[in-house]
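Asks: Fold the following.
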Amino acid sequence: MDKWNELEIALRAASPALSLRREEPMARHTSFRIGGPARLMALPASPAELEAVCRMAWDLDIRFILIGNGTNLLAPDEGLDALVVKTAGCNAVGRAKETELCADCGAPIARVANLARVAGLSGLEFAGGIPGSVGGAVTMNAGAFGGEMKDVVLETAVLTPAGRRVFSNEEHGFRYRGSALPAGAVVLESRFRLRPWDPAEIGERMAAFAARRRAAQPTDLPSAGSTFKRPPGRYAAELIDKAGLKGLSVGGAAVSTKHAGFVVNTGGATCRDVLELTERIRKRVLETSGVALELEVKVLR
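Replies: Here you go, the predicted model:
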């Protein structure tokens, strides 16, 4: 019996209701709409199922890759010889205390922001248009419009082979588009500390952010959001635009003509197209501005 059959049998025995898919196309699970098949995909519907899957994979020495909504990912054309664990089913959100919300790792961060608005809690307005899930947003310190996850995360429960551990805000080691959470750690849930505010005013602010996003970003084409991190004191989109790269394309991948900071899938783009295009962008921007751009999109291997 090969290890994949062994893993599938073990997972079904441990969690009979767990959804498992063999050779599942990653293009169905990434906002780029790119990617070949994953050897096995697990879709846990609760943190308990998620924990069972991860522990089983560790016990059997199976490599696994966590994804949420797949909004910041580029998956390889040839697929992934790994267990892909999609956490979107772990999406409960609740009010922990008067000014605190608690959310599972797979909950869309935009949904958490909207529920905070309804509850009259301010602090997450910036996240209303971020398409990712809580686990990814916290791990990468997602941000927009001057706000970041570091400003609102109180604590996060994570799972490692050694067991569960709760990280305080300071222990996250938040930095620009990153954190110091242990490599391979599985975010289970996060708690957010917010502040009371008028729901109508919160809604107005979120609506203004949404209007700015719609006006500036190419929401009509598949992408993985901002392709490059913001260089210190500069803007990647501005550097790409000044390098004359708007509209540059490789296969089905192109630099958006609406926002140069986005690489979009104009139809049939492959992972190879995107990687070749981003390398051309990096090379040209380095030649014209002396700035070495760094990918914000996570490339799965």
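Asks: if I look at A224, how far off is N141?
Replies: 17 Å (CB to CB, to the nearest Å). Every C-beta, even on glycine, is put in place using the N, C-alpha and C of the backbone.
Asks: These two - which one has more neighbours?
Replies: Ranked by neighbour count (other CB atoms under 10 Å), A224 and N141 place A224 first, with 25 against 20.
Asks: Please name the nearest non-neighbouring residue to that one.
Replies: Residue nearest to A224 in three dimensions, not counting chain neighbours: V297, with 4.5 Å by CB to CB, 6 or more residues apart in numbering.
Asks: just checking, the one you found touches G70?
Replies: No - with contacts counted by CB atoms under 8 Å, V297 stays clear of G70, the gap being 11.1 Å.
Asks: okay, those two: which has more neighbours?
Replies: With neighbours defined as other CB under 10 Å, V297 and G70 compare such that G70 has more, 27 against 20.
Asks: so where's the stretch 51-200 of the chain uncertain?
Replies: Along the stretch 51-200 of the chain, no part satisfies pLDDT under 70.
Asks: contacting residues around R301?
Replies: P76, L80 (CB atoms under 8 Å, 6 or more residues apart in numbering).
Asks: same deal with A52?
Replies: Contacts of A52 by CB under 8 Å, 6+ apart are L11, A14, S15, L18, P44.
Asks: Can you give me the neighbour number for the third one?
Replies: Which is S15. What S15 shows, counting by other CB under 10 Å, is a neighbour count of 21.
Asks: Same question for the last one.
Replies: Neighbourhood size, P44 [other CB under 10 Å]: 24.
Asks: Begin at 95 from now on, thanks
Replies: Yes, from this point I'll number from 95; that puts the last item at P138.
Asks: What are the boundaries of the helices in the chain?
Replies: Using DSSP state H, the helices of the chain run over residues 97-108, 141-153, 203-212, 228-233, 293-310, 330-336, 365-383.
Asks: So which of those is nearest S273?
Replies: Proximity to S273 (CB to CB) singles out helix 228-233 among those, at 5.8 Å.
Asks: Quick one: list the elements packing against the closest one.
Replies: Contacts defined by 3 or more CB pairs under 8 Å, 6 or more residues apart in numbering; DSSP states H and E place helix 228-233 against helix 203-212, strand 280-287.
Asks: Mind doing that once more with 6 Å?
Replies: Here helix 228-233 touches strand 280-287, going by 3 or more CB pairs under 6 Å, 6 or more residues apart in numbering; DSSP states H and E.
Asks: What residues sit buried inside stretch 182-193?
Replies: Neighbour counts over stretch 182-193 (16 or more other CB atoms under 10 Å) mark A182, G183, C184, N185, V187, T193 as buried.
Asks: Can you add distance to A277 and give the helices of the chain back as TSV?
Replies: Listed next are the helices of the chain as TSV, based on distance: least, CB to CB, whole Å:
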stretch	distance to A277
helix 97-108	22
helix 141-153	14
helix 203-212	22
helix 228-233	10
helix 293-310	31
helix 330-336	25
helix 365-383	23
